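# The following comprises the amino acid sequence and a computationally predicted model.
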Amino acid sequence: MLSNLKIIIRKSVYLGEQILALPVLVGVVLYSFGTISILLSSNWSDSVVFYEFINRILIALVAFELVRLLVTHDIHAVSDLLTFVIARKLLKPDLTASDVLLGIVAFAILAIINVKILKPSQEERRVEEFFN
């Protein structure tokens, strides 16, 4: 009885995550189209516009990685999500030296984890085979 309840709860949580991934995906696609229209009408001679462009791209990437994480439950998706979150944090113009140092340390830790601990996922191998 208890094991059946655990299975039902596990499947319900998984289904809930799949359902939540859909509105996030729709939102990030709409956000991306909005970003394109905003940036097309921007004055690109100002460096702030380029910062805004990179910031919006990283926001979209974080959202896409969140969708990937909700759908696949892959440890590589967690690593990629953290990488984009840290990258976005490091692009803020009001960072202190300690913020930059912590960001570099976080990137180094993620790089070590990716190279030494995590092996290429099945998804990454399929992508590599596709492009080779």
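Done, it's in.

# Now do the strands in the chain.
Per DSSP state E, the chain carries no strands over any range.

# what's the longest helix in it?
Determined from DSSP state H, the single longest helix within the chain is helix 2-40.

# which strands and helices sit next to that helix?
helix 47-72 (3 or more Cβ pairs under 8 Å, 6 or more residues apart in numbering; DSSP states H and E). All C-beta atoms are positioned from the backbone trio N, CA, C, and that covers glycine.

# Can you give me the buried ones in the helix it packs on?
56-70 (16 or more other Cβ atoms under 10 Å).

# And the residue nearest to residue 82 when sequence neighbours are not counted, how close does it get to residue 54?
The shortest distance from residue 82 to any non-neighbouring residue, by Cβ to Cβ, 6 or more residues apart in numbering, is to residue 110 (6.1 Å). Separation of residue 110 from residue 54 (Cβ to Cβ, to the nearest Å): 19 Å.

# before we move on, what about residue 18?
31 Å.

# Check residue 65 too.
Distance of residue 65 to residue 54, computed by Cβ to Cβ: 16 Å.

# before we move on, back to that, any buried residues in the longest helix of the chain, and which?
Neighbour counts over helix 2-40 (16+ other Cβ under 10 Å) mark 21, 25, 28, 35 as buried.

# Quick one: mean pLDDT for that helix?
Averaging pLDDT along helix 2-40 gives 89.

# Centre of the chain to it, how far?
13 Å (Cα atoms, centre = their mean, to the nearest Å).
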